[in-house]
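**Student:** Turn this into a model:
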Amino acid sequence: MQAFRYYKRLFKMNDLHISVDPNGHATLSQSVQISEHCNNRARLLTSLVNIVAAPGGFEHFCAYPEAMRRDILNLLRSVAEEQLPLIAALEEHATKAGYERGAQAAREVLIQEQQAANSALHYDAENHAAQMILTH
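**Tutor:** Modelled structure (predicted):
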């Protein structure tokens, strides 16, 4: 029971929302910061890998009953596969954010160039007028 409380706190299962549609399909959702979710899932995946990969872990793992080994491997696979769409979404977000920052920087450069050009025109116009006054 203590382990359950630890994992409940670790994965904040109290923020878990479950809804069931009329066809009996359940939807689980959780409101959590993306960084916290990624850290939690990475920690879980690391723990599962360490069960098998730790020194002597494979031998210990092989001593588990067949059903338990299958469940652990299925959990390991599902947690790993769950990360793929998340990684794709994060890459897309990073690409969009990078593009938007680049576009904003380009707009700022254009504004600065326009201001510099306007200043140069204003300076040239003032100098031309001053030269005309001096020559007459």
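**Student:** CA only for contacts and neighbour counts going forward, please
**Tutor:** OK.
**Student:** Mind telling me what element the residue nearest the centre of the chain is part of?
**Tutor:** Closest to where the C-alpha atoms of the chain average out (Cα atoms, centre = their mean) is L90, at 3.9 Å. Per DSSP states H and E, L90 falls inside helix 66-135.
**Student:** sorry, back to before: quick one: the residue nearest to the centre of the chain from C38, how far?
**Tutor:** In this view, L90 and C38 are 11 Å apart by Cα to Cα, to the nearest Å.
**Student:** got it, and Q115?
**Tutor:** 45 Å.
**Student:** With neighbour numbers in mind, choose between these two.
**Tutor:** C38 (15 against 12; other Cα atoms under 10 Å).
**Student:** Tell me, please, where in the protein the pLDDT is lower than the cut-off.
**Tutor:** 1-14, 123-136 (pLDDT under 70).
**Student:** mind redoing it with 50?
**Tutor:** Residue ranges of the chain with pLDDT under 50: none are present.
**Student:** ok, now which ones touch S78?
**Tutor:** For S78, the contact set (Cα atoms under 8 Å, 6 or more residues apart in numbering) is empty.
**Student:** Based on its surroundings, how many neighbours for the closest residue to A80 other than its chain neighbours?
**Tutor:** Distance criterion Cα to Cα, 6 or more residues apart in numbering; nearest residue to A80, sequence neighbours excluded, is L45 at 7.0 Å. Around L45 there are 19 other residues, counting by other Cα under 10 Å.
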